[in-house]
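In: sequence first, then the predicted structure, then my questions.
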Amino acid sequence: MSPINLQLVREFFELHSFRVLTNWQQDTGRAGEAVVQLFVENCQPEPERQLDTLLRLEDIPVLERAVVDVRAWHGDRFYASVVENNPILTQSAQPLARAQAAEVFGPHAEVKTVLVLSELPTSPEQRARTVTKFEEAGIDHVIEFPTILYGLLEKVSAGGDYGASPTLAVLRLLKRYRMVRNMQMEFAFRGERIARADAAKIDAAIPEPDELPGEDEG
């Protein structure tokens, strides 16, 4: 697993008011990929409601506790055949992972399994088939990586100080210099238009460079 993928997902949950614990595994997965899971717990959960398997940004505050597995594989789309041929994708739903979650959260806590991946297929039928495969394997929820990036950009302030986090500092600079201003479609969910209005709100909230408070020469 690329460290940057894990870092982005971790900070995504932290910025959305989750406590995050990293669980490092000794086993390896695809081509020597390290097995790392995140245990996340929402500090300020919203009232419970039914969530779809595929989570959108507005669903995240409802999630209370979860084991999060990050399998971005940015060069791939996740078709049903990929799920069938890569059992490591459903590792977070296996008894060992559930036992570890019980140790972290307590034996009676309700814990969801969440898989972060690159993208699902564009075809609605193929997307549905892939989601069904994950459901059959015991995965409660799936998050596409564009949702992670969009959620980070929403939380990062163009005038903020993120010196302790290189990843957030880079995203802050992208907003500071308005390089994400015209990227609504890139961060939208394929086949949907729900992100366009929200992206416009983010765009409108980015101040002009000479309006930013507290800018220094560095």
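Out: Thanks, I have the structure now.

In: which residue is nearest the centroid of this protein?
Out: Closest residue to the average C-alpha location of the chain: I148 at 3.8 Å, with CA atoms, centre = their mean.

In: what's the burial count for the closest residue to it other than its chain neighbours?
Out: Leaving aside its sequence neighbours, I148 sits nearest to F12 (CB to CB, 6 or more residues apart in numbering; 4.9 Å). Glycine gets a C-beta too; all of them are placed from N, C-alpha and C. Neighbour count for F12, taken as other CB atoms under 10 Å: 28.

In: now do A169
Out: Neighbour count for A169, taken as other CB under 10 Å: 15.

In: where do the strands sit along this structure?
Out: 18-28, 34-42, 65-71, 112-117, 141-144 (DSSP state E).

In: the second one pairs with which strands?
Out: This means strand 34-42. Its sheet considered, strand 34-42 pairs with strand 18-28 (antiparallel), strand 65-71 (antiparallel) by DSSP bridges.

In: how about those in a markdown table, adding mean neighbour count and distance to E125?
Out: Listed next are those as a markdown table, based on neighbours: other CB atoms under 10 Å; distance: least, CB to CB, whole Å:
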| stretch | mean neighbour count | distance to E125 |
| --- | --- | --- |
| strand 18-28 | 13 | 33 |
| strand 65-71 | 24 | 23 |
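
In: how about a markdown table for those strands, with mean pLDDT added?
Out: Listed next are the strands paired with strand 34-42 as a markdown table, based on pLDDT from 0 to 100:
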| stretch | mean pLDDT |
| --- | --- |
| strand 18-28 | 76 |
| strand 65-71 | 95 |
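
In: quick one: these as JSON lines, columns for distance to R49 too.
Out: Supplementary listing: the strands paired with strand 34-42 in JSON lines, determined by distance: least, CB to CB, whole Å:
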{"stretch": "strand 18-28", "distance to R49": "18"}
{"stretch": "strand 65-71", "distance to R49": "16"}
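
In: can you check which of the ones you listed gets nearest to G160?
Out: strand 18-28 (19.0 Å; CB to CB).

In: alpha carbons of stretch 79-91, as PDB, please.
Out: In PDB, the C-alpha atoms belonging to stretch 79-91 read as follows (Å, rounded to 0.1, in the frame of the first residue of the first chain):
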ATOM      1  CA  TYR A  79     -15.000  -4.800 -11.500                       C
ATOM      2  CA  ALA A  80     -16.800  -7.800 -10.000                       C
ATOM      3  CA  SER A  81     -14.000 -10.100 -11.500                       C
ATOM      4  CA  VAL A  82     -11.400  -8.100  -9.500                       C
ATOM      5  CA  VAL A  83     -13.300  -8.800  -6.300                       C
ATOM      6  CA  GLU A  84     -13.600 -12.500  -7.100                       C
ATOM      7  CA  ASN A  85      -9.900 -12.900  -7.900                       C
ATOM      8  CA  ASN A  86      -8.500 -10.900  -5.000                       C
ATOM      9  CA  PRO A  87      -9.700 -12.200  -1.700                       C
ATOM     10  CA  ILE A  88      -7.400  -9.700   0.100                       C
ATOM     11  CA  LEU A  89     -10.000  -7.000  -0.800                       C
ATOM     12  CA  THR A  90     -12.400  -8.500   1.700                       C
ATOM     13  CA  GLN A  91      -9.900  -9.200   4.500                       C
END
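
In: how far off centre is it?
Out: Its chain's C-alpha centre and that of stretch 79-91 lie 19 Å apart, by CA atoms, centre = their mean, to the nearest Å.
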